[in-house]
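Participant: With the input below, show me the fold.
(one chain, ligands or ions: 1)
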Amino acid sequence: MSHSSDHGGNIFDVARQLCAAPSEIADFSASINPLGLSPQVKSTIIEALDSLIHYPDINSSGLKQALADYHDLPPENLVIANGSTELIYQLPALLQGRHALIISPSFSEYLHALKQHQWEVDHFLLSPADNFQLDFKSLEQTLYKGYDALYLCNPANPGGTLYPRQVIEQILSLCDVSGTFLVLDEAFMDFCEEASAKHFIVGQSNCIVLRSMTKFFGIPGLRLGYSISNNSLAEQLDTRCVPWSVNTLAQVAGVAALNDTEHNRRTIEYVQRERFFLSEKLSEFSQLEVYPAAANFLLIEITGKMTSSDLKNDLLKQRIMIRDCSNFKGLSRHFFRIAVRTTEENRRLLAALENIVN
Ligand SMILES: Cc1ncc(COP(=O)(O)O)c(C=O)c1O
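Facilitator: Numbering: from 1, shown residues only. Alright, predicted model coming up:
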């Protein structure tokens, strides 16, 4: 399977197919900050253009310190990368195990990265019928089979569920007992930072937190992500990353993004308000079931006959992209995901759905 067929957000491909400009398409398929990037990030990038004649700072020192201040953690606990995807692809080699368990449905790149390193992979399936809640007893019994690594995304993508810190602590205790390494993907945690496990995992040797700067800070095209872990693991992971993989513009943009507290505060407020609005309006559709969500996207099930692929194609005719979720392990042909976009775009989607679904 090609990378593009496995993800949302391939707006350039879709624009070519529709003979449209990307700006004419409302992209609900990738979950990116609807307010876009901060104006301070934009001006910082422009000011930094002349410094492209030099290699980037190979240690991303400025950004590392800014992230350390932002999270109140020592810089030694951080590894900065070309999107968290770079780290997802480095981890299987570093962990040197053979058998992984992925709490699913979840981000497909965990599986692809593990397979590249000849890991065997099983899925611990969560059910939409239970709102993707975790059954500890069942997870505990499954871990006894002897898994080297457990992958969990919090808040879950595409499910949207946020597992509270106590739940993560409990999972980590199960991992301690079973000798399993926990890979905790907090790609969307900036939307609900209080729930992050970042502070209690830095003292552990069997856990790493992955963070993405592409979603909340609205810079997927720049590629920026990082990990939080104990020092020793951070050092080992750092030496595996490709030298200069974090370019100069991404480094300065990252610092500016963290410093624009006003834009970040507005983002949280705006996304919460629009998510609530979308969720309420969509719940009024008799053929749609909306799942509870904590970040900037919603998972929706079509309870009627229509498939998510049909819906995706119908919406594309109106230049609206959604994420057909039928290729996620554990979801049927009736699930789709939408990003929380601007008020105007959200209304456009609701009007289009009104015509197609009702
Ligand atoms: C759950 C999850 N983790 C990680 C990533 C990768 O993000 P990045 O852009 O930082 O590589 C994504 C991207 O869609 C994601 O959905």
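Participant: what about Tyr151, how many neighbours?
Facilitator: 27 (other CB atoms under 10 Å). In short, each C-beta sits where N, CA and C put it, glycine included.
Participant: One more: Asp135?
Facilitator: Asp135, neighbours per other CB under 10 Å, totals 13.
Participant: can you check the one 5 residues further on too?
Facilitator: Using other CB under 10 Å, Glu140 has 15 neighbouring residues.
Participant: these two touch, right, it and Asp176?
Facilitator: No. Using CB atoms under 8 Å, Glu140 is not in contact with Asp176, being 11.6 Å away.
Participant: which stretches of the stretch 51-200 of the chain aren't confidently modelled?
Facilitator: Along the stretch 51-200 of the chain, no part satisfies pLDDT under 70.
Participant: Next to the ligand, which bits of it? Give me the list.
Facilitator: Where the stretch 51-200 of the chain comes near the ligand, counting by CB under 6 Å from any ligand atom, the residues are 83-85, 107, 153, 157, 185, 187.
Participant: Now tabulate these in JSON lines and tack on neighbour count, distance to Val14 and secondary structure.
Facilitator: JSON lines is the format used below for those (neighbours: other CB atoms under 10 Å; distance: CB to CB, whole Å; DSSP: H, G, I helix; E, B strand; the rest coil):
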{"residue": "Gly83", "neighbour count": "22", "distance to Val14": "21", "secondary structure": "coil"}
{"residue": "Ser84", "neighbour count": "25", "distance to Val14": "24", "secondary structure": "helix"}
{"residue": "Thr85", "neighbour count": "20", "distance to Val14": "21", "secondary structure": "helix"}
{"residue": "Phe107", "neighbour count": "23", "distance to Val14": "21", "secondary structure": "coil"}
{"residue": "Cys153", "neighbour count": "25", "distance to Val14": "25", "secondary structure": "strand"}
{"residue": "Asn157", "neighbour count": "23", "distance to Val14": "20", "secondary structure": "coil"}
{"residue": "Asp185", "neighbour count": "25", "distance to Val14": "26", "secondary structure": "strand"}
{"residue": "Ala187", "neighbour count": "24", "distance to Val14": "23", "secondary structure": "coil"}
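Participant: which residues of the stretch 1-150 of the chain fall in strands?
Facilitator: 26-27, 78-81, 99-104, 120-125, 149-153 (DSSP state E, counting those that start in this stretch).
Participant: The third one - contacts with which helices or strands?
Facilitator: Just to be clear, that refers to strand 99-104. With contacts taken as 3 or more CB pairs under 8 Å, 6 or more residues apart in numbering; DSSP states H and E, strand 99-104 sits against helix 109-116, strand 120-125, helix 136-143, strand 149-153.
Participant: Between strand 120-125 and the shortest one, find me the angle.
Facilitator: Taking axes from the mean of the first three to the mean of the last three CA atoms, to 10 degrees, one finds that strand 149-153 is oriented at 40 degrees with respect to strand 120-125.
Participant: Strand 149-153: how far from the chain's middle?
Facilitator: On the basis of CA atoms, centre = their mean, to the nearest Å, strand 149-153 sits 13 Å off its chain's mean C-alpha point.
Participant: ok, it: who's next to it in the sheet?
Facilitator: Strand 149-153 has the following strand partners under DSSP bridges: strand 99-104 (parallel), strand 181-185 (parallel).
Participant: tally of neighbours for Lys137?
Facilitator: The burial count for Lys137: 8, using other CB under 10 Å.
Participant: mind checking how far it is from the ligand?
Facilitator: Distance, Lys137 to the ligand, using CB to the nearest ligand atom, to the nearest Å: 26 Å.
Participant: Then Ala294?
Facilitator: Taken as CB to the nearest ligand atom, the span from Ala294 to the ligand is 13 Å.
Participant: Could you do Arg211 as well?
Facilitator: 8 Å.
Participant: Let me see the confidence value for Ser5.
Facilitator: Ser5 is assigned a predicted lDDT (pLDDT) of 57.
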